[in-house]
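Visitor: show me how the following folds:
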Amino acid sequence: MDHHQKDGLAGAVREALLHAVTHLEPSLMARLDWMYRETMSATEALGPDDGKKDRYEASLEVLAMIRENLAIADATGLPMCQDTGMVVAFVEMGPDVQLSMQEIGEALDSGIALAVRDGFFRNSVVLDPVFDRENTRTNLPAVVHWFPKNSGGLTIRMMLKGFGSENCSALAMLNPTAGVETVLSTILDMVRNAGGKPCPPIVLGVGLGGTAERALLLSKKALLREVGSVHPDPRYARLEQQLFDSIQGLHIGPGGFGGPLTALAVAVEYEPTHIAGLPVGVSISCWADRTAVVQWGGAQ
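Guide: Got it, this is the predicted structure:
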C-alpha cells in the first residue's frame with residue numbers, strides 16, 4: 001500500500017469538493033448571468049398592469065439572491081446552499097492506476113470526510129432509510145459507481161447532489177414504438193410535475209436506453225457534463241435543444257414563480273436497449289449543479 005499516494009488522493013478529493021461547494025463552473029455561471037439579463041429584459045418590457053409582472057419580478061429576485069449567495073460563498077468559503085448534498089462519484093480506473101479499488105475507496109471516503117469537516121457541510125446522510133435514520137455526521141457513505149477505462153490513470157467525477165431536486169427524479173418505461181415526440185412529451189411531463197420543488201432554475205440530465213437502473217444512471221452521468229456542452233451525435237444534440245426550448249415554455253421560472261425561463265442546460269446520454277422497451281430516466285439538479293473532477297496518476 002502506498003500511503004503517500006493514498007493521502008495525496010484524499011487531499012485532492014478534499015480540495016475539489018471544497019471548491020465545488022463554494023463555486024460553480026464558469027459555464028454555469030455564464031448561464032445564470034444570461035438568465036438574469038433575459039429575465040430582467042422581459043420584466044422591463046411588461047406594462048405596469050400586466051398580470052405576469054409580479055411573477056417575473058419574483059423570479060428576478062430569486063436570481064438576484066442566487067447571485068448574492070454565490071458572491072458570499074466566494075468571499076467567505078461558506079457553502080452556497082445549506083443542502084450540501086450527498087456525494088455521488090463516478091470513478092474511472094485506467095491501467096496506470098497504482099492503487100487498488102479498496103485503497104481508492106478509502107482515499108475517497110477520507111477526502112469526503114475532510115471536506116465535510118473543513119467546509120462546514122451540513123450533516124445530511126443517515127445510515128438507515130426507514131427505521132433509525134441515524135445521522136452518520138460525516139456525509140458518508142458516498143454513492144460510488146466504478147468503471148474501467150482503456151488507458152491512463154484515475155478519473156473521479158463527483159457531484160454534490162441536493163435532495164430537493166433528487167426527490168424529483170423520474171423513470172418511464174416507454175413502448176419501443178415511442179418516437180421522439182413521445183419521448184419529448186414524457187420528459188416535459190416529468191419537469192412539469194416537478195414544478196418549483198427542485199429549486200429552479202434547473203439543469204436537466206436525461207438517460208435513454210439500457211435498463212431501468214441504467215437509464216437513471218445515465219441521467220446522473222449527464223449532469224456531470226460541462227454545462228452547455230453539446231452531444232456529439234447531431235440527433236441527440238437536436239433533442240437537447242428541443243428539450244431546452246420546450247422547458248422554457250412551461251413557465252415554471254426561478255423559484256417556481258412563473259418567470260420566462262426555467263432551464264439553464266439540458267444534457268442527454270443514451271446507450272443500447274432491449275427490442276421491447278425504451279427506458280427514459282430523468283435527474284434534475286437545482287441551479288447549484290456542483291461538480292468536481294479529480295485526475296490522478298498516468299496520462300489522462
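Visitor: what stretches of the protein score poorly on pLDDT?
Guide: Where the chain drops to pLDDT under 70, the residues are 1, 298-300.
Visitor: any idea which helix is longest in it?
Guide: The longest helix of the chain (DSSP state H) is helix 53-76.
Visitor: buried residues in that helix?
Guide: For helix 53-76, burial by neighbour count (16 or more other C-beta atoms under 10 Å) applies to 55-56, 58-60, 62-63, 66, 69-70, 73. From N, CA and C alone the C-beta is placed, and that goes for glycine too.
Visitor: same question for stretch 82-90.
Guide: 83-90.
Visitor: including secondary structure and distance to residue 257, could these go into JSON lines?
Guide: Shown next, in JSON lines, are those (DSSP: H, G, I helix; E, B strand; the rest coil; distance: C-beta to C-beta, whole Å):
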{"residue": "83", "secondary structure": "coil", "distance to residue 257": "20"}
{"residue": "84", "secondary structure": "coil", "distance to residue 257": "25"}
{"residue": "85", "secondary structure": "coil", "distance to residue 257": "24"}
{"residue": "86", "secondary structure": "strand", "distance to residue 257": "27"}
{"residue": "87", "secondary structure": "strand", "distance to residue 257": "31"}
{"residue": "88", "secondary structure": "strand", "distance to residue 257": "29"}
{"residue": "89", "secondary structure": "strand", "distance to residue 257": "34"}
{"residue": "90", "secondary structure": "strand", "distance to residue 257": "34"}
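Visitor: quick check, nearest of these to residue 269?
Guide: residue 90 (11.7 Å; C-beta to C-beta).
Visitor: what kind of secondary structure is the residue of the chain positioned farthest from its centre in?
Guide: For the chain, the residue at maximal distance from the C-alpha centroid (C-alpha atoms, centre = their mean) is residue 49, at 37.8 Å. What DSSP: H, G, I helix; E, B strand; the rest coil gives for residue 49 is coil.
Visitor: ok, and what's touching the longest helix of the chain?
Guide: 21-24, 29, 32, 35-36, 39-40, 42-43, 46-47, 78-81, 201, 253-255, 257-261, 287 (C-beta atoms under 8 Å, 6 or more residues apart in numbering).
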